[in-house]
Every structure is written in C-alpha cells, then in structure tokens.
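Undergrad: Predicted structure and sequence below. I'll ask about it afterward.
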Amino acid sequence: GENVEQHPSTLSVQEGDSAVIKCTYSDSASNYFPWYKQELGKRPQLIIDIRSNVGEKKDQRIAVTLNKTAKHFSLHITETQPEDSAVYFCAAQMGWGSARQLTFGSGTQLTVLP
Amino acid sequence: GAGVSQSPSNKVTEKGKDVELRCDPISGHTALYWYRQSLGQGLEFLIYFQGNSAPDKSGLPSDRFSAERTGGSVSTLTIQRTQQEDSAVYLCASSTGYNEQFFGPGTRLTVL
C-alpha cells in the first residue's frame, strides 16, 4: 500500500519568513495530494490540493509543488503569520473517478514566532 | 450548509465495554470515511463507504472494529471489547467522491 513520509516533524519560523514542508510517497499510482491544516482541538481542514497533471498550484500565500518523477511534493507558506501556527498534514490518494482513502503523513507542527 | 457532525464528542468507557460512534455526513455526499488519530500522530485510515458498493474495510485494525452505513447516509463505527490502545480521536469525513474530504469534529474515545 501507499506510504507517505513527511518532514520536518516540527518547524519554527519568524513571522514574515517562509516555511516549507516536504512529503514523499511510495506508490506511483497516487494522483491526488491534499494538504490539511489542523489547529489544536479542531478538525483537519483542507488548505490546498494538487492533482498529478499539474506541477504547481498557488493560492495567495500558500503554494504546493509536485515532482511525480521523484515522488515528492511540498507545501510552501510565504509571509508567515502567527495564525499559521498549526499542525499540517500532507496526504496522497490513488485512483481516478471514485472515492479512495487518503494516506496521511505524520504531520508537521509549525510555530510562527511573533 | 451543515458540515459533517459526529457524536458523542467525548466518550469515556471501561476496558472490555462496547462503544458506538456516530457520523452524519454532509447531505448528498456519497463517500464516507472513518479515520483514527492517536495523540500527536497522523490520521490512520479505517474504513470507507462509496454509494451502494461494498465498503473497503482494509484499514480496520482488528475484528473488534466494524462499521455500517444505513440508507447511504448516517454511519456507525462500533468497537467491541474496547482496549486501552483503542483510545484515540475517531474522525469521520465525507466527500462527493474523488474530491475534497470534509472532516467532522471527531469523537475522543478514552478507554480506562
């Protein structure tokens, strides 16, 4: 089955700096890669996702890049703010056209220092 | 509109007891998923339902775990003879299929 590895497990940055979180996946059949943000005691919420036919996607301060050859994808947050502090999870999903479970990375605790 | 809801929000039980966790997906969502999140860990897939198809139970950790989805809507996850290692947050998610999964608030299960 699919295996997703996520690094780093913790990340501290100064407010205004950029943060990068990296994930690798094992199964080349995976073709959908979402990123979820989970604040303490809250449910995970999707912040951005990318499909395998796209190499990069951006939404304001957040961007995701995908390298299918190397089987890795990354989350980039620019101009970080204290409210960006949370746990971020990457995930991978296989299959086209029907539901499949997500395989999650182990999470990155991002702390933005004021 | 209403999001995914789960009940109870917290459940404390004694080792050996059975528990039932409920999930109400977003109306119209054909796919429903159960995940488990242990303290400080990622989300572990348990089971998913897609329409009228047979559920994918490949993530269930033991035969003490089962789930059903009635009428293509509400789902119940049942854990029989609970063990302390079952303590975790159980998250339900729903989607329209091959799209974003929306998560519920979770049920925090504590087995004493």
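TA: Looks like it arrived, so ask away.

Undergrad: Would you mind pulling up the elements that the helix or strand encompassing residue A:92 packs against?
TA: Using DSSP states H and E, residue A:92 sits within strand A:86-94. Packed against strand A:86-94 by the contact rule (3 or more Cβ pairs under 8 Å, 6 or more residues apart in numbering or on different chains; DSSP states H and E) you find strand A:4-7, strand A:19-25, strand A:30-38, strand A:72-77, strand A:103-104, strand A:108-113. Where C-beta positions appear, they are placed from N, C-alpha and C, glycine not excepted.

Undergrad: Near chain B, which residues of chain A are found?
TA: Residues of chain A lying near chain B by Cβ under 8 Å from any Cβ of the partner chain: A:1, A:6, A:32, A:34, A:36, A:42-46, A:49, A:89, A:91, A:93, A:95-107.

Undergrad: and the residue in chain B that chain A sits nearest to, how many residues sit next to it?
TA: With Cβ to the nearest Cβ, the shortest gap between chain B and chain A falls at residue B:31, namely 3.6 Å. Residue neighbour count, defined by other Cβ atoms under 10 Å in any protein chain shown, stands at 22 for residue B:31.

Undergrad: Specify the beta-bridge partners of residue 66.
TA: No chain specified, so I'll use chain A. In this structure, residue A:66 has beta-bridge partners residue A:73, where bridges are defined by DSSP bridges.

Undergrad: wait, I meant chain B there
TA: Taking DSSP bridges as the rule, residue B:66 bridges to residue B:78.

Undergrad: Setting aside sequence neighbours, what's the nearest residue to residue B:79?
TA: Counting by Cβ to Cβ, 6 or more residues apart in numbering or on different chains, residue B:79 lies nearest to residue B:19, which is 5.1 Å off, once chain neighbours are set aside.

Undergrad: Let me see the contact set for the residue positioned nearest the centre of chain B.
TA: With distances taken as Cα atoms, centre = their mean, chain B has residue B:34 as the residue nearest its mean C-alpha position (3.5 Å). For residue B:34, the set of contacting residues under the criterion of Cβ atoms under 8 Å, 6 or more residues apart in numbering or on different chains consists of B:23, B:45-48, B:67, B:75, B:77, B:90-92.

Undergrad: Dump the residues you listed to TSV, plus pLDDT, distance to chain A and secondary structure.
TA: Listed next are these as TSV, based on pLDDT from 0 to 100; distance: Cβ to the nearest Cβ, whole Å; DSSP: H, G, I helix; E, B strand; the rest coil:
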residue	pLDDT	distance to chain A	secondary structure
B:23	97	12	strand
B:45	94	4	strand
B:46	96	9	strand
B:47	95	8	strand
B:48	92	5	strand
B:67	96	13	strand
B:75	97	13	strand
B:77	98	14	strand
B:90	98	12	strand
B:91	97	7	strand
B:92	97	10	strand
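
Undergrad: What subset of those is buried?
TA: Those of the contacts of residue B:34 that meet the buried threshold are B:23, B:45-48, B:67, B:75, B:77, B:90-92, by 16 or more other Cβ atoms under 10 Å in any protein chain shown.

Undergrad: Show me what from chain B comes close to chain A.
TA: When proximity is defined by Cβ under 8 Å from any Cβ, chain B lies next to chain A at B:30-31, B:33, B:35, B:41-45, B:48, B:50, B:56, B:58-59, B:91, B:95, B:97-98, B:100-106.
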